[in-house]
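Colleague: here is a sequence together with a model predicted from it:
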Amino acid sequence: MKINRRRFLKTAALASATTAAFPYFYTQKFAKADESDEIKVGILHSLSGTIAIIERSLHNAELMAIEEINAAGGVMGGKKLVPVVEDPQSVVRVFRQKAKKLLLQDKVVAVLGCYTSASRQSVLPEFENNNGILLYPTLYEAQECSYNCFYTGAVPNQQLDDFAPWVIDKFGPRHYLIGANYIYPKETNREWKALLDNHGGETVAEEYAPLGHTEFATNINKIASLQPDVVFSTLVGDQIVAFYKQFKQFGITAEDIPICTPITTEQEIKGMGPEYALGHYTSFNYFQSVDSPENAEFVARYKATYGEDEVTNAVMEAAYFQTYFLAQALDQTGTTDADALITEGLPGQEFQAPQGKVKIDEKNHHTYLWARIGQAREDGQFDIVWKSEDWIRPDPWVDLLYPDKDCDFTDQRVIDRIKSGDRDRSGTIDI
Amino acid sequence: MTTVAAAGRFNLRREPMFPLWSIAGVAAVVAILATYPLYGTEYVMNLLGMFVCFSIFALSISLIWGFAGILSLGQAIYFGMGAYFIALSLKLSYAAENPTRYGGTIPDYMEWNGLTEVPTIMAPLMHIEVAIVCLLFFPTLLAFIFGVITFKRHIYGVYCAVITLAEALILQEFIIEYQAYTGGFNGITDYETYNNMYFLWVILGVAVLLFAASRLLTHSRIGTVLKSVRDNDVRAEFNGYEVANYRIFVFCFASMMAAIAGGLYAAWMGIVSHLDTGPILSIEGVIWAAVGGRATVIGPFIGTFLVKGAEFFLSEQLAWAWQLVMGLLFIFVVKFMPDGIMGTIGKSIAMGRQRAAYAESEDAFQSGPMAVITRLRSAFTDGNRGFMDNLLGRSGRRD
């Protein structure tokens, strides 16, 4: 069959017209009615890929909280929270697409999700463009505040401000800093160095290992020759396990040089074996060993649901209580309207969490948390050796480093900017 | 078998460059995709645009692997380079135009890493025209250098695969390490994206152009040489073809194609990270091409849509077991369709044609005065059947 131009055009036009019309009728069939006695909540944590281990525990904690809330009668006078679970596969691109899906297709009232800063940053534009709500449970480097995000994990001032003077006082002023080479450790170390300056400490060395790098012989040799008083570590993930192991295998004990860190949780200690972490220190808002009735119940229920040898950790706890923040905000405003929840519902929300009473700050979308210092024990749990007297206000633009910046969503300039439809939805202001 | 001999004699019709069914099919698919935003959801539109970008990427792998026999496990290098050029360009201009966003006119990640201004070498990228020229030039140049180093030294096959894999890892590490310039582990995000119907048309237009160009290439004389190089490079060289030059050419062409796909992807998605340059995406691309049919130009499109589509569908419906189902699907394809979906279909069509041609020949020469001559001739030429079988026109099959 020969093809001339007329035949080509005819075929192409005919095929295009028929097939273009077809899906129109097809999609009409699937237009669904709203189910009004259910409120959809997105759960966006990786269940596969490199960060799935930790993210699955957040996913579990959130599902458990939703179950509890529904069992206690639901929200807004008997409506059930329905989790819409997505697996973003530890890939930032997929995070972004799944966020889009949850917002546009499922029309969820809010999304509980993300673990790494990379994933949060990848989804934020999506939440800002579509006026969604993200509740983010991880400790992070701060210097950010988005109108569409609520941050329920710790920011550096809540973990470091009391930790640094305590460490200097107890062990000495000479600190060796080691971290993974990306934004969180770098920012945390900047803050730590500023605190050292303030409290008479000094940095003997500052070294970064590429992410995923798990061979620390040269660093440990250097530590042995420099003999610092303290190793301050901001290594993450598998690196933590490798570093603690190699540190002990080299023959340095926690009595010689303690490792102090704002990251290592029960989860990593379970991964490396408690004998490697024994005696080292972690600063966190929550430990599984926190002594409170809420925590006893939280741990018992988690173990009953997901297995006796599971451990709880601080990020999980935040994932758990942020679900309650959302439920209470829905109850209080009586609406699923995003702007109402963002401006009235969530700010100022309080909850008696396992770590103690927590509250979302009225102005900056971050959360008041408690500070604790724990020393690792033989059983992989922490002895809490110090605890703050009160909850600590979150300061996303730490005063020590950014005295002229703040985050305030009640500031008229910010309100005007967001109302004007500006794409910039951050609450950062100069003061 | 007799069928083969008969087909060789009678099936002289060459497949046309653009058969009617393929024109109709492509037009239909393009029409569906192009009009989708009018009635579909934004989320699915976003997925479709991404699938088309990935399809172009898979097509570039098909060209070098299916048609030229070069298995690259680092094709995402070129995809990623294209994506980073465009993402950087959009990010730089976005930061410059929105000074309140980051409290300065440089991208947020540069500020975090202690830069106070955009490095001079990167500043021209702010103009999208410069970025597009870079996108077309640098990945192709890199592919050329790589081609000269490996193909000219007769490094093929599995060694080539290992080298490309290493290259992809190196680029990924490089991007993570030089985070002040590349955004590091967090990648580049939060810039003006082109996620609308008009840009979808641009993507589709580019896809159709590259698809047609690939078809022209593989059905040209060069394409024939490439296939012969794939099937037996020693013999091709012996016949006087400079095998390395053909390989370098197709490798450069495919790399430029991958870079274009990456550039479209960056503008469409609004996010680029080190994962888009690494071995995982490269290997995914190889899978898409393999499932669709690596030695066809339509196969990569079908493979990408099928695998990516299934991935998104299954990960929504079966969040806990979707990987298992995908694994079974791959095993099925490798075990039962080693040529991929389109390859298998193409083969069965070709076999059907051969049978038809053979049947035709039997009819034509079964009776009449020519029959005796034909039988006599084939009795001596067709060695697969017995001499007497041929002479008497018996089938010769004794099963």
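Modeller: Received the coordinates, thanks.

Colleague: nearest residue to A:Tyr302 in space, please, no chain neighbours.
Modeller: A:Thr312 (5.7 Å; C-beta to C-beta, 6 or more residues apart in numbering or on different chains). For the C-beta atoms, the positions are set from N, CA and C on the backbone; glycine is no exception.

Colleague: can you tell me the SS state at the residue positioned nearest the centre of chain A?
Modeller: With distances taken as C-alpha atoms, centre = their mean, the residue of chain A nearest its centroid is A:Thr138 (1.6 Å). A:Thr138 falls in the coil class when you classify it by DSSP: H, G, I helix; E, B strand; the rest coil.

Colleague: likewise for B:Cys53?
Modeller: helix.

Colleague: on that earlier part again, my read is the residue nearest to A:Tyr302 is in a strand, agree?
Modeller: No - A:Thr312 is assigned coil when assessed by three-state DSSP, not a strand.

Colleague: ok, it - contacts?
Modeller: A:57, A:61, A:266, A:288, A:298-299, A:302, A:354 (C-beta atoms under 8 Å, 6 or more residues apart in numbering or on different chains).

Colleague: which ones among those map onto helices?
Modeller: Of these, the ones assigned to helices by DSSP state H are A:57, A:61, A:266, A:298-299, A:302.

Colleague: out of those residues, which is most surrounded?
Modeller: Using other C-beta atoms under 10 Å in any protein chain shown as the neighbour criterion, A:Ala61 leads those with 28 neighbours.

Colleague: which residues touch that residue?
Modeller: By C-beta under 8 Å, 6+ apart, the neighbours of A:Ala61 are A:302, A:312, A:316-317, A:319-320, A:323.

Colleague: and it, how far from chain B?
Modeller: As judged by C-beta to the nearest C-beta, to the nearest Å, A:Ala61 and chain B stand 16 Å apart.

Colleague: repeat that for A:Ile183.
Modeller: 6 Å.

Colleague: ok, now A:Gln349?
Modeller: 27 Å.

Colleague: tell me how many other residues crowd that residue.
Modeller: 24.

Colleague: how about the contacts made by the residue nearest to A:Ala65 when sequence neighbours are not counted?
Modeller: Leaving out its chain neighbours, the residue that sits closest to A:Ala65 by C-beta to C-beta, 6+ apart is A:Thr323, at 3.6 Å. Going by C-beta under 8 Å, 6+ apart, A:Thr323 touches A:41, A:61-62, A:65-66, A:69, A:112, A:135.

Colleague: any idea how far B:Met126 is from the closest residue to chain B within the stretch 301-431 of chain A?
Modeller: Distances between the stretch 301-431 of chain A and chain B by C-beta to the nearest C-beta are smallest at A:Asp424, namely 4.6 Å. Noted for A:Asp424: a distance of 19 Å to B:Met126, by C-beta to C-beta, to the nearest Å.

Colleague: related to what we said a few turns ago, quick one: the contacts of A:Ala61 as TSV, columns for secondary structure and pLDDT too.
Modeller: Formatted as TSV, the contacts of A:Ala61 follow (DSSP: H, G, I helix; E, B strand; the rest coil; pLDDT from 0 to 100):
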residue	secondary structure	pLDDT
A:Tyr302	helix	95
A:Thr312	coil	92
A:Met316	helix	94
A:Glu317	helix	95
A:Ala319	helix	96
A:Tyr320	helix	97
A:Thr323	helix	96
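
Colleague: nearest to A:Gln332, out of those: which one, please.
Modeller: Ranked by distance to A:Gln332 (C-beta to C-beta), those are led by A:Thr323 at 15.1 Å.

Colleague: phi, psi for the residue nearest to the residue nearest to the centre of chain A when sequence neighbours are not counted please.
Modeller: Excluding its sequence neighbours, the residue lying closest to A:Thr138 (C-beta to C-beta, 6+ apart) is A:Gly153, at 4.4 Å. With angles defined as degrees, to the nearest 10, A:Gly153 sits at phi -90, psi 180.

Colleague: wait, A:Gly153 sits on A:Pro137?
Modeller: Yes - at 5.3 Å, A:Gly153 counts as touching A:Pro137 under the criterion of C-beta atoms under 8 Å.

Colleague: so where's the stretch 151-300 of chain B uncertain?
Modeller: Scanning the stretch 151-300 of chain B for pLDDT under 70 picks out nothing.

Colleague: show me where the stretch 101-250 of chain A has strands.
Modeller: Secondary structure of the stretch 101-250 of chain A (DSSP state E, counting those that start in this stretch): strands at A:110-113, A:134-136, A:149-151, A:174-180, A:202-209, A:230-234.

Colleague: hmm, the third one touching chain B?
Modeller: Read it as strand A:149-151. No - shown here: strand A:149-151 not in contact with chain B (C-beta under 8 Å from any C-beta of the partner chain), separated by at least 12.8 Å.

Colleague: now for the contacts of A:Ala61, which pair is the farthest apart?
Modeller: A:Thr312 and A:Thr323 (14.7 Å).

Colleague: and the gap between B:Ser22 and A:Ile392?
Modeller: Distance, B:Ser22 to A:Ile392, using C-beta to C-beta: 66 Å.

Colleague: higher neighbour count, these two?
Modeller: Set B:Ser22 next to A:Ile392 and count neighbours by other C-beta under 10 Å: A:Ile392 wins out with 20 against 16.

Colleague: does that one really touch A:His366, like I thought?
Modeller: No - here A:Ile392 does not reach A:His366: they are 10.7 Å apart, not a contact under C-beta under 8 Å.

Colleague: residue contacts, the residue nearest the centre of chain B?
Modeller: Closest residue to the average C-alpha location of chain B: B:Leu59 at 1.6 Å, with C-alpha atoms, centre = their mean. Counting by C-beta under 8 Å, 6+ apart, B:Leu59 touches B:210-211, B:214, B:257, B:289, B:297, B:300-301.

Colleague: how about A:Phe409?
Modeller: The contact partners of A:Phe409, by C-beta under 8 Å, 6+ apart, come to A:145, A:147, A:343, A:347, A:363-365, A:415, A:427.

Colleague: could you measure from it over to A:Lys363?
Modeller: 6 Å.

Colleague: if I look at the two, which residues touch both of them?
Modeller: By C-beta under 8 Å, 6+ apart, the residues touching both A:Phe409 and A:Lys363 are A:347, A:427.

Colleague: mind checking pLDDT for A:Asp422?
Modeller: Here, the pLDDT recorded for A:Asp422 equals 80.

Colleague: next: B:Val372.
Modeller: Per-residue pLDDT puts B:Val372 at 61.

Colleague: again with B:Ala6
Modeller: Note on B:Ala6: pLDDT of 43.

Colleague: what ranges does chain B have for its strands?
Modeller: B:188-189, B:271-272 (DSSP state E).

Colleague: can you lay out the ones you listed as a markdown table showing distance to B:Ile222 and mean neighbour count?
Modeller: Converted to a markdown table, the strands of chain B look like this (distance: least, C-beta to C-beta, whole Å; neighbours: other C-beta atoms under 10 Å in any protein chain shown):
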| stretch | distance to B:Ile222 | mean neighbour count |
| --- | --- | --- |
| strand B:188-189 | 37 | 26 |
| strand B:271-272 | 33 | 30 |
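
Colleague: next, count neighbours for residue 300.
Modeller: In the absence of a named chain, chain A is used. For A:Ala300, using other C-beta under 10 Å, the count is 10.

Colleague: wrong one, I was asking about chain B
Modeller: 32.

Colleague: I'd say B:Met126 and B:Leu92 touch.
Modeller: Yes - counting by C-beta under 8 Å, B:Leu92 is a contact partner of B:Met126 at 4.3 Å.

Colleague: sorry, back to before: put the buried members of the contacts of A:Phe409 into a ChimeraX selection.
Modeller: The buried residues among these can be selected in ChimeraX (16 or more other C-beta atoms under 10 Å in any protein chain shown) with this line:
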select /A:145,147,343,347,363,364,365,427
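
Colleague: just give me the closest of the contacts of A:Phe409 to B:Phe253.
Modeller: Using C-beta to C-beta, those come closest to B:Phe253 at A:Tyr147, 46.6 Å.

Colleague: now residue 214, nearest residue through space, not along the chain?
Modeller: Here I'm looking at chain A. A:Ala242 (3.7 Å).

Colleague: you answered for a different chain; I wanted chain B.
Modeller: Excluding the flanking residues, the one nearest B:Ser214 by C-beta to C-beta, 6+ apart is B:Val297, at 4.6 Å.
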